[in-house]
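Participant: prediction below, plus the sequence it came from.
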Amino acid sequence: MLEKLAPLKPYLLRYRKQLLQGGFAVLLYNTSKVAVPLLIGRAVDDVAHHGTEHVIVRNSLLLFAIALVAAVCLYATRWIIIGASREIEFDLRNDLFSSLEQQSMAFFHEHRTGDIMARATNDLNAVRQLLGPAIMYSANTVVFTAAALPFMYRISPRLTLFAFLPLPIASVVVQLMGRRIHSRFERIQAMFSEISARAQENFSGARLIRAFAQEEAEIRSFEEANQEYIHRSLFLVRIMAMLWPTLEFVLGASLVLTLLVGGREVAAGRITAGQFSAYLVFMVQLTFPMLALGYVINLIQRGTASVVRIDELLKWVPSIQDEAGNRIAINATPRGEVEFRNLTFGYDKGPDILRDVNLTIPAGTSLAIVGPTGSGKSTLVNLIPRLLDAPAGQVLIDGLPIREWPLAYLRRSIGFVPQETFLFSSSIRDNIAFGVEHATDDQVEQAATVAHIANEIREFPAGFNTLVGERGITLSGGQKQRTSIARALLRDPRILILDDALASVDTYTEEQILRGLREVMQDRTTILIAHRVSTARSADRIAVLVNGEISETGTHAELLQTGGYYAELVEKQQLEEEIVAE
């Protein structure tokens, strides 16, 4: 178990001062508790021996003072130890989020969003309870038992032997039940992750589910998963239901033996009535810690299982990261020349998507990439900001291998509009200004104007402060694409990549956007992935990508003369336009 808790060591060391203070408060609290039975025993003997009223009042005041000290120490114990667990939870959550933010796309392909959310919420809560209540109750139980046992033994070794005789049964039960609780909780957490992932997918795909009238089918599917979760949870409840009564039975047996043996000890004159009273109070005080042991075992087993699940995410090394020995200064800005040199790329162990691609895009020029669906166009441009990692030395910026550029500065120099538009559930202004600190309203509106979306935004009741909803649901597809274009332009990037960013707009809007982009594209490298000839012809050069290979390159006029794929595409789209016009 200690090996499984090893990931928490840095966090425990970070807050060792607080934990030591909490440990000191635990010692004071339990010292006060130990004094209570001893004082009660003495008071009983004083009364039995006709103690004066002064003695009774003195003992009562001492008992009150001890109770007050115990209350203050208990408050300090809870405040310090539970507070430290909250601080560690805070650090763990930040570290987990930071780790997730640095992961490459491959990580999110292998981990479902719902599973990640379950670990970041439910499992983190279980770890906090392990570091807070579990530590506090365990410490109180161990310290009080260790402190009380010598006094109990001094009162009567024989009575102590019989009183603690049933406790080995409790130890065996705790060991057996603890293992089962741990394994069952791991299964429960796995099922909770499954339910979270299913719910997240259904909420994100709500429109699709309604469009296909699959509400009832999804409800039934979720109910089946939820039923399995309940089944596993109830099995754990049954185990816990066996643990608590067993511990209570053991404690009851200890009290019975204490009364039987202790009564005989008093009758035989070997201990006084006051000593017997003190012993009974010790046993009563041990009752709650022993019963809490079942709760603590539950928290420890749950927390240990959750530590393992969280550590799995924290240990995941990003597949794309800065390499040691980068030669580029961290404040360097690329000129914008992009080169693909003998590039061959495939996903993991799958077939090659791109094969022997050789292409140079001089700084400050524009290139349009056209080709049939699935030919590798998006894959090619995703290699430039290292969203995907190409083999070493096959993608270069300004003549230097791309891995020599620090990731943060490389990506800061690139404005990227992906094929799948994503907007955050905040205002339009915040979405356009995303990634640009201290962007002014004028700058935001200028970028929106170039993207030909500013006038439409101003027509909204709240203008640029309009909330777009989750994933920009309140905007049309074309409006979302143009907002994404404005976001990329506001970065004033040296390299601008538009991955089929004009697919959702009409030809008139496309022309307006391209007209605004012509000025923006000057002196910066621009790469456009296009399916329309009207978009491609605006670029300085055009590259045709077919089946992962560059089949032809040139200007619009040059490619028309070659009679290849591009010329056929032009002819086909002209025919479509004529049919629509008729």
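Facilitator: Right, received. Where do you want to start?

Participant: what residue ranges in the stretch 451-582 of the chain score low on pLDDT?
Facilitator: Filtered on pLDDT under 70, the stretch 451-582 of the chain yields the residue ranges 472, 503-505, 576-582.

Participant: all strands for it, in order.
Facilitator: Counting by DSSP state E, counting those that start in this stretch, the stretch 451-582 of the chain has strands at residues 495-499, 525-529, 541-546, 549-554.

Participant: what about residue 295, neighbour count?
Facilitator: By other Cβ atoms under 10 Å, 17 other residues sit near residue 295. Placement of C-beta: from N, CA and C, glycine included.

Participant: revised request: answer the last question for residue 154.
Facilitator: Residue 154, neighbours per other Cβ under 10 Å, totals 10.

Participant: which element is it on?
Facilitator: According to DSSP states H and E, residue 154 maps onto helix 135-155.

Participant: so which bits of that helix are buried?
Facilitator: Using 16 or more other Cβ atoms under 10 Å as the test for burial, helix 135-155 gives 135-141, 143-145, 148, 151-152, 155.

Participant: and if you look at stretch 82-99?
Facilitator: In terms of neighbour count (16+ other Cβ under 10 Å), stretch 82-99 has its buried residues at 82, 84, 85, 87, 88, 89, 92, 93, 96, 99.

Participant: got it, and stretch 492-502?
Facilitator: 493, 494, 495, 496, 497, 498, 499, 500, 501, 502.

Participant: and those, which is closest to residue 395?
Facilitator: Residue 395 has its nearest neighbour among the buried residues of stretch 492-502 in residue 495, at 12.1 Å by Cβ to Cβ.

Participant: the protein: strands as residue ranges?
Facilitator: With DSSP state E as the criterion, the chain has strands at 338-346, 352-361, 366-370, 395-397, 400-401, 414-417, 495-499, 525-529, 541-546, 549-554.

Participant: export those strands to CSV and tack on distance to residue 258?
Facilitator: Converted to CSV, the strands of the chain look like this (distance: least, Cβ to Cβ, whole Å):
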stretch, distance to residue 258
strand 338-346, 74
strand 352-361, 77
strand 366-370, 85
strand 395-397, 78
strand 400-401, 78
strand 414-417, 75
strand 495-499, 78
strand 525-529, 82
strand 541-546, 85
strand 549-554, 87
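
Participant: closest one to residue 19 among the ones you listed?
Facilitator: The closest of these to residue 19 is strand 414-417. By Cβ to Cβ, the value is 45.8 Å.

Participant: now that closest one: buried residues?
Facilitator: 414, 415, 416, 417.

Participant: so for the chain, the centremost residue is which one?
Facilitator: residue 120 (3.9 Å; Cα atoms, centre = their mean).

Participant: distance of that residue from residue 100?
Facilitator: 8 Å (Cβ to Cβ, to the nearest Å).

Participant: check residue 263 too.
Facilitator: Counting by Cβ to Cβ, the separation of residue 263 from residue 100 is 63 Å.

Participant: again with residue 477
Facilitator: Applying Cβ to Cβ to residue 477 and residue 100 gives a distance of 28 Å.

Participant: between these two, point out the one with more neighbours.
Facilitator: Using other Cβ under 10 Å as the criterion, residue 477 and residue 100 rank with residue 100 on top: 18 against 12.
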